[in-house]
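*Asks:* Quick one, structure for this:
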Amino acid sequence: MSSFSHFNEHGRPKMVDVSEKGETKRSATARSSIVFSKELYEAINSGSIKKGDPLQTAQIAGIMAAKKTWELIPMCHPLLLQGIDFSFEYISHPSHYELQIDCEVRCSGNTGVEMEALTAVSVAALTFYDMCKAMDKAMVIKETFLLEKKGGKSDFHHEKE
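*Replies:* Numbering: from 1, shown residues only. The predicted structure follows:
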């Protein structure tokens, strides 16, 4: 078990020691999406969602989630996040709409922010669902994935984009 980075020599879970790693500028961008009805899209555009603006609430929830990732994912380090930004894009399909949710998280530190970006878009998608479920319980949260990561040992760009 000691060959695994998150287990000690006794096979028990541990948080990896990153104190010897150099501090670098780091960023990560993640994406999630949610599919919903044309009726819901029209209600959002007309401002008739009873709970309020679902994008504004989803963005606030996503920011809060990124900041609390270390409390949710057991082996994540608490980080001093220096920037969290969202973008939302509605995509029209013949029978439905899709909301694409992207979040970029930035910091200077000795460990990456991929989990913070992934947590942020996941919670934003869940919050959008919660805000709109009275109108469309058939919404489907689709794939969530890392688009890009910069800093640290290596950079990454998802081939999908």
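*Asks:* contacting residues around the nearest residue to Asp136 once chain neighbours are set aside?
*Replies:* Excluding its sequence neighbours, the residue lying closest to Asp136 (Cβ to Cβ, 6 or more residues apart in numbering) is Leu40, at 4.3 Å. For the C-beta atoms, the positions are set from N, CA and C on the backbone; glycine is no exception. For Leu40, the contact set (Cβ atoms under 8 Å, 6 or more residues apart in numbering) comprises Tyr97, Cys132, Met135, Asp136, Met139.
*Asks:* And the average pLDDT for the longest helix along the chain is what?
*Replies:* Determined from DSSP state H, the single longest helix within the chain is helix 114-132. For helix 114-132, the mean per-residue pLDDT is 98.
*Asks:* Remind me what whichever helix or strand comes after that helix packs against, helices and strands.
*Replies:* Once helix 114-132 ends, the next helix or strand along the chain (criterion: DSSP states H and E) is strand 140-141. Counting contacts by 3 or more Cβ pairs under 8 Å, 6 or more residues apart in numbering; DSSP states H and E, strand 140-141 is packed against strand 24-36, helix 114-132.
*Asks:* export the helix or strand following the first one as PDB, just CAs?
*Replies:* I take that to be strand 24-36. Remark: after strand 24-36, the chain's next helix or strand is helix 38-46, criterion DSSP H and E. Only the C-alpha atoms of helix 38-46 are listed here, as PDB (Å, rounded to 0.1, in the frame of the first residue of the first chain):
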ATOM      1  CA  LYS A  38     -37.700  24.600 -24.300                       C
ATOM      2  CA  GLU A  39     -40.500  25.700 -21.900                       C
ATOM      3  CA  LEU A  40     -37.900  26.100 -19.100                       C
ATOM      4  CA  TYR A  41     -35.700  28.100 -21.300                       C
ATOM      5  CA  GLU A  42     -38.500  30.500 -22.200                       C
ATOM      6  CA  ALA A  43     -39.400  30.800 -18.500                       C
ATOM      7  CA  ILE A  44     -35.800  31.700 -17.600                       C
ATOM      8  CA  ASN A  45     -35.700  34.300 -20.400                       C
ATOM      9  CA  SER A  46     -39.000  35.900 -19.300                       C
END
